[in-house]
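In: Return a 3D structure for these sequence lines:
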Amino acid sequence: MMMRFYAVLTNTVTASVANTFVWFAVTFWVYLETQSVIATSVMAGVYTITVAASGIFLGTLVDRFPKKPVMLGSSLGSLICYGLAYLVYVTSPAPVFSAVDQPVLWVFIILTLIGALAGNLRGIALSTLVTLWVPEDQRDKANGLVGTANGVAFLAASIFSGLAIGYLGVAWVLVLAIGLTLAVFVHLAIVPMPAAGAPPHPSSADGEAGNPVGAIDLRGAIDLRGATDLRGAIDLRGTIQVVRQVPGLFGLIFFHTINNFLGGVFMSLMDAYGLQLVSVQVWGVLWGFLSLGFIVGGMIVARRGLGRSPLRTLFLSNVAMWVICCFFTLQASIELLTVGMFIWLCLIPVVEAAEQTILQRVVPVERQGRVFGFAQSAEQAATPITAFLIGPIAQWIFIPFMTTGAGVDLLGGWFGTGVDRGLALLFTLSGLIGLVITLLAMRTAAYRVLSRAYDTQGNPEPFASAAANLG
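Out: Residues are numbered from 1 along each chain as shown. Coordinates of the predicted model:
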C-alpha cells in the first residue's frame, strides 16, 4: 500500500511542478510586460478567490467519487486550459499583452489560472489518501513527507519559471507545461489504486474496486447520479455540522483565515519587491534556493514528527514566522530577504502538516474531503480581499509615502527610500499585526478545547455517529 502511496505522491508532485511553474511564470511575465503592481495584486486576488470558492465543491467530489478518476480529471482540465491559453497567445498581437486594460490579457491569465487551480483536486485527494493508507501513528511523518515533496515541486517550479520567462518566453512555458501534464496523466492512468483509496459510495463500484489494474474510468468521475444533484454535491450544511462536532475546530479555521488575510500582502507584493532588487532570472533561481526551505521543513517533520501537541507546534511556528516578517525587509538587502524567507519557508510545511494531522485525527474519514475543502475555502476567502486592496494601497499610498512623501523624512534616514521601501513597510506592518493576533489566539478558549479534543480523540465514535446521521 505504501508503494502505491509513494507512486501517487510522486505523480501529484509532478503535476504540482507543472501548475506552479505556469502560475509563477505568468505572474513574472505579466509584471515585466505591464510594470503594474496592481496587475499582480489582482492576479493574486483572482487566484485566491477562486481557490476559496471552489474548495467545498472540490472536496465533495473527492469524498463522493473514486480518487483516481477525480485526479485524472484534474490533469485533463489543466491540459485543456493550457492548450487554450497557448492558442490565445499565438493568435493575438503582442501589444495586447502589455496593457492591463486589454481583455485578451485577462482571458489569457484566467485560462492559466484555471489550469493551475485544477491541481487543487489532487491536493485534497492526497490528504485523504494519507488517512486511508497510512497508520495513524505515522500520519504526521507522512504529512511531513508530503510537505517535503511539495517543497521539491516549489523549488523546481521557481527555478525554471524565472529562467523560462527570461530566456524562452511565455509560449514555451505553456508548451513545457502541456507536455509535463500529459506525462502525468498517462502515468497515473497505469498506477493501480485499490478499493481502500475510494470512499464508501455507490459510484465507487465502477471505480477502483472494480478496476484493480488501474485502468482509466472517467465515467466514475463525471457520473453525478450518486450525488443526486449539484446541490447535494455541494454539501455545505453537512460539512459545517461535522466541523461543529469538533470542539475548537472552527476557531482553528478562523485563525488561519485571519493569517491568510495578512498573507495576501505577501502573495500580492513579494514578486514586485524581489524584482525591484534583482533580475527575473536571478529572482527565479533565488526562489529555487529558497524552496529548499520547504524541503528542509518537511524532512524535519517526516523524521521527527510534530511532538505530542501538533496544535502547539502550529502556533509556535506562526509566532516565529511573524517575527521574521517584522525584520526581513527592514533594509533593501537581497541577503536579508533571502535569510528571512528561507526560515519562513522552512516553517510552512510544519504549519501545514500540523493542521492536516489534526484534521485527520478528529474528522471522520468519509467526510475529510469536504472538511479539507471547507477549510481551504474558508481560509482562502480572506486573501483575495487583501490582494485586491493591497495593490492600490501600495501603488497610491505606501510607494508615494516612501518616495516623495512624509515617509522620506520620517523613516528614510534608516529605512531607506524608493519604491521597494514602500513595499517593505507594508511587509513589516503585516508582520507586527500577525504576531499580535497569534499571541492573542493562543490565549483563547478555542485553542484550549481543540487541544483537549485532539488529546482525547482515542474513540472516534461521537464523530462517526455524527457523520452517519449526516449521510
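In: got the phi/psi numbers for Phe108?
Out: Here is the backbone geometry of Phe108 (degrees, to the nearest 10): phi -60, psi -50.
In: Tell me how many other residues surround it.
Out: The criterion is other Cβ atoms under 10 Å. On that basis, Phe108 has 25 neighbouring residues. Every C-beta, even on glycine, is put in place using the N, C-alpha and C of the backbone.
In: and what of Ala394?
Out: Neighbours around Ala394, by other Cβ under 10 Å: 25.
In: ditto for the one 4 residues further on
Out: Counted with other Cβ under 10 Å, the neighbours of Phe398 add up to 22.
In: what does Glu366 give?
Out: The local packing of Glu366 (other Cβ under 10 Å) involves 20 other residues.
In: And it, how close does it get to Asp63?
Out: When Cβ to Cβ, to the nearest Å is applied, the distance between Glu366 and Asp63 equals 7 Å.
In: Arg308 too?
Out: Taken as Cβ to Cβ, the span from Arg308 to Asp63 is 30 Å.
In: So for those two, which residue has more residues nearby?
Out: Asp63 (27 against 9).
In: Setting aside sequence neighbours, what's the nearest residue to the more buried one?
Out: For Asp63, the nearest residue in space outside its immediate sequence neighbours is Gly369; the separation is 3.7 Å by Cβ to Cβ, 6 or more residues apart in numbering.
In: Who are the contact partners of that neighbour?
Out: Gly369 is in contact with Gly59, Thr60, Leu61, Val62, Asp63, Ile124, Ala125, Thr128, Pro199, counting by Cβ atoms under 8 Å, 6 or more residues apart in numbering.
In: List just the nearest of those to Asp455.
Out: Among those, Thr128 lies closest to Asp455 (Cβ to Cβ), at 23.3 Å.
In: neighbours around the closest one, how many?
Out: Other residues close to Thr128 by other Cβ under 10 Å number 24.
In: Correct me if wrong: it contacts Gln368.
Out: Yes: judged on Cβ atoms under 8 Å, Thr128 makes contact with Gln368 at a distance of 5.0 Å.
In: list residues touching both of these two?
Out: When contacts are counted by Cβ under 8 Å, 6+ apart, Thr128 and Gln368 have Asp63 as shared neighbours.
In: which residues touch stretch 399-407?
Out: Around stretch 399-407, the neighbours that count as contacts under Cβ under 8 Å, 6+ apart are 37, 408, 411-412, 415-419, 421-423, 425.
In: mind running it again at 10 Å?
Out: The contact list for stretch 399-407 (Cβ atoms under 10 Å, 6 or more residues apart in numbering) reads 37, 272, 393-394, 397-398, 408, 410-412, 415-426.
In: and the residues you listed, which are buried?
Out: Buried positions within those, assessed by neighbour count (16 or more other Cβ atoms under 10 Å), are 37, 272, 393-394, 398, 408, 412, 415-417, 419-426.
In: And Trp344, how far from Cys326?
Out: 11 Å.
In: quick one: common contacting residues for the two?
Out: Between them, Trp344 and Cys326 share the neighbouring residues Gly431, with contact defined by Cβ under 10 Å, 6+ apart.
In: When these two are compared, which one has more neighbours?
Out: When neighbours are counted by other Cβ under 10 Å, Trp344 and Cys326 differ, and Trp344 comes out ahead with 22 against 18.
In: Tell me who's in contact with the more buried one.
Out: 266, 290, 293, 297, 317, 320-325, 328, 431.
In: Grab the nearest non-local neighbour of Gly264.
Out: Here the nearest residue to Gly264 in space, its sequence neighbours aside, is Thr386; by Cβ to Cβ, 6+ apart that works out to 2.8 Å.
In: and the one you found, what does it touch?
Out: Under the criterion of Cβ under 10 Å, 6+ apart, the contact partners of Thr386 comprise 41, 44-45, 48, 260-268, 393, 430.
In: among these, which are in strands?
Out: Residues from these lying in strands, with DSSP state E as the criterion: none.
In: now, which of these lie within helices?
Out: Mapping the contacts of Thr386 onto helices (DSSP state H) picks out 41, 44-45, 48, 260-268, 393, 430.
In: can you pick the most crowded of those?
Out: In terms of neighbour count, Ser268 stands highest of the ones in helices among the contacts of Thr386 at 31 neighbours, by other Cβ under 10 Å.
In: my guess is it meets Phe261, correct?
Out: No: counting by Cβ atoms under 10 Å, Phe261 is not a contact partner of Ser268; they are 12.0 Å apart.
In: so what's the residue nearest the centre of the chain closest to, chain neighbours aside?
Out: Nearest to the geometric centre of the chain sits Asn120, at 7.8 Å (Cα atoms, centre = their mean). The spatial neighbour of Asn120 that comes closest, neighbours along the chain excluded (Cβ to Cβ, 6+ apart), is Leu58 at 5.8 Å.
In: does the one you found belong to a helix or a strand, and which?
Out: Of the helices and strands defined by DSSP states H and E, Leu58 is found in helix 37-64.
In: Next SSE downstream of that helix?
Out: The first helix or strand that comes after helix 37-64 along the chain, using DSSP H and E, is helix 67-90.
In: Report the separation between Thr40 and Gly413.
Out: Distance from Thr40 to Gly413, counting by Cβ to Cβ: 30 Å.
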